[in-house]
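Using only what follows, build the 3D model:
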Amino acid sequence: MMSIKILDDRDTLVLEFLVIYGYLTSYKLAKISDIPMATVWRILVNLKSLSLVAKQKKGFAITPRGLVFAYYLTKKENIRLEALQKLKEAWKYEGSVNEIRSFLEALNQFLKKYEISLISVCFNHPLSVISLMLPKAKELDEFSQRLLARFILRAFPTVVLPTGCKAIVSFDEKGEPYALAADCKDEGVHIFHKCPYINKYFSIEVRPR
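Numbering: from 1, shown residues only. I've put the predicted structure just below:
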């Protein structure tokens, strides 16, 4: 997993507790973590400045961005699983937790390869992450591609084919139709999907100039 130098072990511990509880006051957090009250407050203020937690009433709640950071930073598998589950809920994601896990692992490798700081990525709005990874979609594993497809289908207008399949239809450089993303009755959710039904209903005649 990537290291995030701007956060230390105590920051990670606070994120771990917030993954478990979702929302905590600084007083409660100090009691269960054995971290001094003043230190807890400073940590929470810092995490808020990074959009990892949000102030709510008298306490703080972890954000989707905070859940992703906790997933990357923690060494505890139960915390990672809980972070994934809560991220699924926060993103209102209809796919599986394993799809989110695969996507975060692929994103981790992508950020390392291109030396992009995790701090610069906004996870509170997943479409910003999707746009970052879409140009590399063909290099991703099937689970990660499925996550991209689900978010694209949710974000943009779709057409419903007579077969009942949903698709966002586009055309390649040869004028051949394909689905940028599709929810196919036979083959499931895919990205960059081609099928005979799309060809049948959306083919256009490309005339030589």
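
Would you state the strands of the protein in chain order?
Shown for the chain, the strands assigned by DSSP state E span residues 23-25, 53-56, 59-62, 159-160, 166-171, 177-184, 188-193.

mind listing what's buried in the lowest-mean-pLDDT helix or strand in the chain?
Using mean pLDDT, DSSP states H and E, the weakest-scoring helix or strand in the chain turns out to be helix 196-202, at a mean of 83. Neighbour counts using 16 or more other Cβ atoms under 10 Å place 197, 198, 202 of helix 196-202 among the buried residues. To be clear about C-beta, it is placed using only N, CA and C from the backbone, and glycine gets the same treatment.

List the contacts of the biggest helix by length in the chain.
In the chain, with assignment by DSSP state H, the single longest helix is helix 97-113. The set of residues external to helix 97-113 that reach it, using Cβ atoms under 8 Å, 6 or more residues apart in numbering, is 1-2, 68, 71-72, 81, 84-85, 87-88, 91, 93, 116-118, 121, 129, 132-133, 136, 140-141, 143-144, 146-148, 150.

What's the separation between the residue nearest in space to the middle of the chain and residue 47?
What sits nearest the mean C-alpha location of the chain, by Cα atoms, centre = their mean, is residue 126, with 5.2 Å. Per Cβ to Cβ, to the nearest Å, residue 126 is found 20 Å from residue 47.

got it, and residue 19?
The value you get for residue 19 to residue 47, if Cβ to Cβ is used, is 12 Å.

what's the overlap in contacts for the two?
residue 66.
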